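>>> Next one to model:
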Amino acid sequence: MANHLTPDELAKELNMDRESIIRICVEEGIPIYQGKIDKHLFQAQLQAVGAGHQATG
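So this is what the prediction gives:
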């Protein structure tokens, strides 16, 4: 199972749209290196942001 995925592949795996994947990467500082994103880093950042919203909300 690949760890570095294109935005399209990651969107398909996480049931998100490609534009949201790219927007989150830009907003959260997740690198897109040679057109690929580290899936585990992306998921960890999503969980961290979600936990932060739950703690403040």
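
>>> Name the spans of this structure whose pLDDT lies under the cut-off.
Scanning the chain for pLDDT under 70 picks out 1, 52-57.

>>> Report the central residue of it.
In the chain, the centroid-proximal residue (C-alpha atoms, centre = their mean) is F42; its distance is 3.5 Å.

>>> Setting aside sequence neighbours, what's the nearest residue to that one?
I30 (5.7 Å; C-beta to C-beta, 6 or more residues apart in numbering). Every C-beta, even on glycine, is put in place using the N, C-alpha and C of the backbone.

>>> how about that neighbour, phi and psi?
With angles defined as degrees, to the nearest 10, I30 sits at phi -80, psi 120.

>>> ok, now which ones touch it?
By C-beta atoms under 8 Å, 6 or more residues apart in numbering, the residues touching I30 are 24, 37-38, 41-42, 45.

>>> Shouldn't the residue nearest to the centre of the chain be within a strand?
No. Using DSSP: H, G, I helix; E, B strand; the rest coil, the assignment for F42 is helix, not a strand.

>>> Let me know the closest of the contacts of I30 to L14.
F42 (8.1 Å; C-beta to C-beta).

>>> pretty sure that closest one is in contact with C25, am I right?
Yes. Shown here, F42 and C25 form a contact pair, counting by C-beta atoms under 8 Å, at 7.2 Å.

>>> where do the contact lists of those two overlap?
Residues touching both F42 and C25 by C-beta under 8 Å, 6+ apart: none at all.

>>> Could I get the full set of strands for this structure?
Using DSSP state E, the strands found in the chain span residues 4-5, 32-33, 36-38.

>>> mind giving me JSON lines with those strands and columns for mean neighbour count and distance to E19?
JSON lines is the format used below for these (neighbours: other C-beta atoms under 10 Å; distance: least, C-beta to C-beta, whole Å):
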{"stretch": "strand 4-5", "mean neighbour count": "18", "distance to E19": "16"}
{"stretch": "strand 32-33", "mean neighbour count": "12", "distance to E19": "13"}
{"stretch": "strand 36-38", "mean neighbour count": "19", "distance to E19": "14"}
